[in-house]
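Peer 1: could you look at this predicted model? Sequence included:
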Amino acid sequence: MASSTKALRIGGEGRAAEIDGAYFGGHIRPENLAADRIDRRLAENRSGKRQVVVAMRERGGRTLAQVFAAEAHAVAAVRLRIVKGTTVHADESPAWNPLHASFAMQRINHQEGYSIDGACTNGAESYFSRLRRGELGHHHHIAGPYLVRYAQEAAWREDLRRVSNGEQVYGVVGLAMRCKPSVDFCGYWQRAQAA
């Protein structure tokens, strides 16, 4: 599924794309007693495993998902994957400020509204709601090294959610037949057997 978006660039003159980030992983179970709990919002009390999935979604088009340590690290990838001339919609995160030089930006403060003067990131946020639902519902846990694979699968599903199941199956089989063995998953069961 990831191979279908490997060199894909979205947007173009007169088109709109939305970018947003959502953090996954790094959960620390709180202590049972309230007196023993620490403030997990502070950087020194975090696990260091938390990563952000950045979704770049063209309105009426494809969704690209990539994983970074922080939203600010995604700026170069956004410039690479979104074509110049695209109007980019983003939230008020300061991580997106450097993009003003490259794109026509429309920013939205979600404390004021979901969509104001055409600025809206609801398409990217709907992708995150489905990814989170998948994490809670059928994946149950997404390990850090595989987060990018789950994010790319969710993007593929998001783009083809209105296509019949049969067409999705033929699409996945066609993509699988064109790919070489996965570097990440090749030998997965052999490693478990050796342990």
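Peer 2: Yes, it's here.
Peer 1: wait, residue 4 touches residue 178, no?
Peer 2: No: contact criterion C-beta atoms under 8 Å: residue 4 and residue 178 do not qualify, at 9.6 Å. The C-beta positions use only the backbone N, C-alpha and C, and glycine is treated the same way.
Peer 1: so which of the two has more stuff around it?
Peer 2: Set residue 4 next to residue 178 and count neighbours by other C-beta atoms under 10 Å: residue 4 wins out with 18 against 9.
Peer 1: what's the neighbour count on the spatially closest residue to that one that is not a sequence neighbour?
Peer 2: Counting by C-beta to C-beta, 6 or more residues apart in numbering, residue 4 lies nearest to residue 175, which is 5.8 Å off, once chain neighbours are set aside. When neighbours are defined as other C-beta under 10 Å, residue 175 has 14 of them.
Peer 1: and the helix or strand that contains residue 133, C-alpha only, in CSV?
Peer 2: Secondary structure assigned from DSSP states H and E places residue 133 in helix 122-134. The C-alpha coordinates for helix 122-134 follow below in CSV (Å, rounded to 0.1, in the frame of the first residue of the first chain):
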residue,chain,number,x,y,z
ASN,A,122,-11.3,18.6,8.8
GLY,A,123,-10.2,16.2,6.0
ALA,A,124,-6.8,15.6,7.7
GLU,A,125,-8.5,15.3,11.1
SER,A,126,-11.0,12.7,9.8
TYR,A,127,-8.0,10.6,8.7
PHE,A,128,-6.6,10.8,12.3
SER,A,129,-10.0,9.8,13.8
ARG,A,130,-9.9,6.6,11.7
LEU,A,131,-6.3,5.9,12.5
ARG,A,132,-7.0,6.2,16.3
ARG,A,133,-10.2,4.1,15.9
GLY,A,134,-8.0,1.4,14.2
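Peer 1: buried set for that helix?
Peer 2: Across helix 122-134, burial judged by 16 or more other C-beta atoms under 10 Å covers 122-128, 131, 134.
Peer 1: quick one: the strands in the protein?
Peer 2: Assigned by DSSP state E, the chain shows strands spanning 16-24, 51-58, 63-68, 87-91, 104-108, 115-116, 119-120.
Peer 1: low pLDDT regions in the chain?
Peer 2: Applying pLDDT under 70 to the chain flags the ranges 184-185, 187-195.
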